[in-house]
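1. quick one, fold the following:
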Amino acid sequence: MSGITENEDPGTKEIGTMLTEAALELMNRGDARAVEAAGRCVGVIASLVESVVERMRKGGRLIYVGAGTSGRLGVLDASEIPPTFGLPPGRVIGIIAGGESALTRAVEGAEDDRTAGADTLASLKLSDEDTVIGLTASGNTPFTIGAVEYAAASGCLTACVTCDPAGEITGLAKIQIVLDTGPEFIAGSTRLRAGTAQKLVLNMISTMVMVRLGYTSGNVMTNLSVANEKLRNRALSILETELEILSDEAEDLLDASGGDLRIAIVSGRTGCASGEARAALESSSYVIERAVELIRAKE
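-> Have a look, this model is predicted:
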């Protein structure tokens, strides 16, 4: 018997003969279900966030595991954490069945290998402070299930993000985020509503984990990586606002800090040299507020 994500939506049977605009309007109305589904899970997501934060403060990692669209979404979310929040690579990890090549093309049979899921996690040398989140729209992807099983046996906190409450993974993961997105606009194409809902949930999880860990100042990306001209301009604007300084002063401070916004903010707030600011940041896992506290404690 097919799961929910494989069922046909009777409301979209005629899209092949509909006017393009009308079909797109129908698709858009259906996509609202993804937002609603994520909204109904906020309480569970909040509980997961608090648990992840507690573990990451002790050195644990956040690890996403999935196949196909779900796996790509996990890798995407993990890859955006270092440049957005300044967290060192390796603290948030995305794993996709079939490895890196599966990001751009399907790797035949990769998602069906339950043992490979476990073996991939074994290579990470898990600790009981790690959190492993299985991403699978159907809830029955063997690779993801094997990974979550291994993580649970290793003492990790386990969670799942799925769109079918009857999927096998809901019986394995300690925390279950079940998104009621229903059948897809095109039957079985879970890159659509299911994928949208999963992306929303991943946004919630990683963003609030980073906020709670102190990698933002309010709603400002004060730990962003200055990797291009657009981000440099954003960093300068942040310095001007956060430190209440003029644009020329912001330029000088950022340059003196080697283009590292985090160092510039700590230096600007404390008046210390960039070397001392860098050392304080390294000692505080690059959390700006803690670095400032360390420097001020020496005064």
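2. check which helices and strands the helix or strand harbouring V266 sits against.
-> Assigned by DSSP states H and E, V266 falls within helix 261-270. Applying 3 or more Cβ pairs under 8 Å, 6 or more residues apart in numbering; DSSP states H and E, one finds that helix 261-270 makes contact with helix 229-243, helix 247-256, helix 274-283, helix 288-298. Every C-beta, even on glycine, is put in place using the N, C-alpha and C of the backbone.
3. D9 contacts E184, correct?
-> Yes. With contact defined as Cβ atoms under 8 Å, D9 reaches E184; the gap is 6.6 Å.
4. more neighbours: those two, which one.
-> For D9 and E184, the more surrounded residue by other Cβ atoms under 10 Å is E184, and the numbers stand at 24 against 16.
5. dump the residue contacts of E6.
-> The contact partners of E6, by Cβ atoms under 8 Å, 6 or more residues apart in numbering, come to 138, 187-188.
6. ok, now how distant is it from T104?
-> E6 is 25 Å from T104, where distance means Cβ to Cβ, to the nearest Å.
7. try T241
-> Counting by Cβ to Cβ - T241 and T104 are separated by 39 Å.
8. next: C156.
-> Counting by Cβ to Cβ, the gap from C156 to T104 is 29 Å.
9. comparing the two, which shows the higher neighbour count?
-> C156 (24 against 7).
10. hang on, the more buried one packs against L126?
-> Yes. Shown here, C156 and L126 form a contact pair, counting by Cβ under 8 Å, at 5.6 Å.
11. okay, and L202 sits in which element?
-> Following DSSP H and E, one finds L202 within helix 193-213.
12. was I right about E111 contacting P142?
-> Yes. Between E111 and P142 a contact is recorded at 6.7 Å, counting by Cβ under 8 Å.
13. which of these two has more neighbours?
-> Neighbour comparison, E111 and P142: the larger count goes to E111, with 24 against 19 (by other Cβ under 10 Å).
14. what sits against the nearest residue to A118 once chain neighbours are set aside?
-> Excluding the flanking residues, the one nearest A118 by Cβ to Cβ, 6 or more residues apart in numbering is Y150, at 3.8 Å. Counting by Cβ under 8 Å, 6+ apart, Y150 makes contact with 117-118, 121-122, 126.
15. which one among these gets closest to A250?
-> Nearest to A250 among these, counting by Cβ to Cβ, is L126 at 42.6 Å.
16. where in the protein is pLDDT low?
-> The chain contains residues with pLDDT under 70 at 1-2.
17. show me where the stretch 1-150 of the chain has helices.
-> 20-40, 42-56, 68-79, 81-85, 114-122, 142-153 (DSSP state H, counting those that start in this stretch).
18. other SSEs contacting the longest one?
-> In this case it means helix 20-40. If you count contacts as 3+ Cβ pairs under 8 Å, 6+ apart, helix 20-40 packs onto helix 193-213.
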